[in-house]
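>>> need a structure here:
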Amino acid sequence: MKRFYKGAAVGAAPASASGAGFQVELDGRPIRSPAKAPLVFRSQALAQGVAAEWEAQGDKIDAAAMPLMQLASTAVDLVPAKRGEIVDAVSAYAETDLLCYRAEHPETLVERQARVWQPLLDWAALHYDAPLRVCAGLMPQPQAPEALRALRNVVEGYDDWTLAALQTVTGACGSLIVALALLEGRIDAAEAFEASQIDESFEIERWGEDSETTKRRELLRLDIDACRRFVDLLRA
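Below you'll find the model as predicted:
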């Protein structure tokens, strides 16, 4: 799509039952979601972040270059309609969380996984009262129902906007624990990427990296960074 506006700015959204908010305006006209729903931001900082994405577009609009806009649209168009399904899908990651399945060899990888992953599992156990069991190998191991229930309660407690980010970053990391640690400030985006890519990074160190792998990892890195920034701006 060609750029159809001269500039993007943030304005006050019309008062509603949900209270005051902010809207992104293109040449003075408020943007809407892809499903034509109003986009009202409760955070001025997040609205400014989305406006900056629109302002940075060139002659053609590149939706992939607007991750904050994409997450906001998901929060408005998708999450309310499919909240139960999303909570189920995100919570299910805890049943087979990446951090719980450790390599048996080589020792270098075993040590690296334990050094990076175990502190995150310890944090989740203390922070959420949700201790998860660790095993060697890839065969699924059952987790305690109490721990799974505690983590599900956390997921259910997020508002639609934060849940949109949690859904994206959990899928990107393959781990609910890494995603929660990222959104709650236990780790930053670079640490989340490192934790979620330990096995891949180890293989790259041994055998090298092809262009497709490089591209895929960069997209994951961008997704993780965008989700952390989205939540930071949402809470600002």
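
>>> need the pLDDT of the residue nearest the centre of the chain.
By CA atoms, centre = their mean, the chain has its centre lying nearest to residue 169, at 2.6 Å. pLDDT for residue 169: 98.

>>> part of a strand, is residue 142?
No. Judged by DSSP: H, G, I helix; E, B strand; the rest coil, residue 142 forms no part of a strand; its state is coil.

>>> phi, psi of it?
The phi/psi pair for residue 142 (degrees, to the nearest 10) reads phi -70, psi 140.

>>> domain-wise, how is the chain divided?
Here the domain parsing of the chain from automatic domain parsing is 8-65, 83-235.

>>> how about the strands in the chain?
Listed in chain order, the strands of the chain (DSSP state E) span 8-12, 22-26, 29-30, 101-102, 135-136.

>>> what about the third one, average pLDDT?
What it means is strand 29-30. 96.

>>> so residue 34 touches residue 70, yeah?
No. In this structure residue 34 lies outside contact range of residue 70 using CB atoms under 8 Å: 9.2 Å. The way it works is simple: take the backbone N, C-alpha and C, and place the C-beta from them, glycine included.

>>> who are the contact partners of residue 43?
By CB atoms under 8 Å, 6 or more residues apart in numbering, the contact list for residue 43 reads 22, 233-236.

>>> and those, which are buried?
Among the contacts of residue 43, those buried by neighbour count (16 or more other CB atoms under 10 Å) are 22, 233-234.

>>> save these as CSV, and put in distance to residue 110 too.
Below are those laid out as CSV (distance: CB to CB, whole Å):
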residue, distance to residue 110
22, 49
233, 38
234, 38
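
>>> residue 174: which of those residues is nearest?
residue 234 (23.4 Å; CB to CB).

>>> doesn't residue 160 make contact with the closest one?
No. Residue 234 is beyond contact range of residue 160, at 10.8 Å (criterion: CB under 8 Å).

>>> can you pull out the helices in the protein?
Using DSSP state H, the helices found in the chain span residues 44-55, 67-77, 83-92, 107-128, 145-157, 160-173, 176-183, 189-196, 198-207, 211-235.

>>> need the residues that contact the fourth one.
I take that to be helix 107-128. Helix 107-128 is contacted by residues 98-100, 102-104, 130-132, 134, 150-151, 154, 177-178, 180-181, 184, 186-187, 194-195, 198-199, 202 when judged by CB under 8 Å, 6+ apart.

>>> cool, the fifth one as well?
With contact meaning CB under 8 Å, 6+ apart, helix 145-157 is reached by 87, 90-91, 94-95, 124, 128-132, 163, 166, 176, 180.

>>> state the pair within those that is farthest apart.
Farthest-apart pair in the contacts of helix 145-157 is 131 and 163; separation 23.9 Å (CB to CB).

>>> those two: who's more crowded?
Remark: of residue 131 and residue 163, residue 163 carries more neighbours, 22 against 16, as counted by other CB atoms under 10 Å.

>>> what's the neighbour count on the closest residue to residue 188 other than its chain neighbours?
Counting by CB to CB, 6 or more residues apart in numbering, the nearest residue to residue 188 once its immediate chain neighbours are dropped is residue 228, at 7.0 Å. Residues lying near residue 228 (other CB under 10 Å) number 21.
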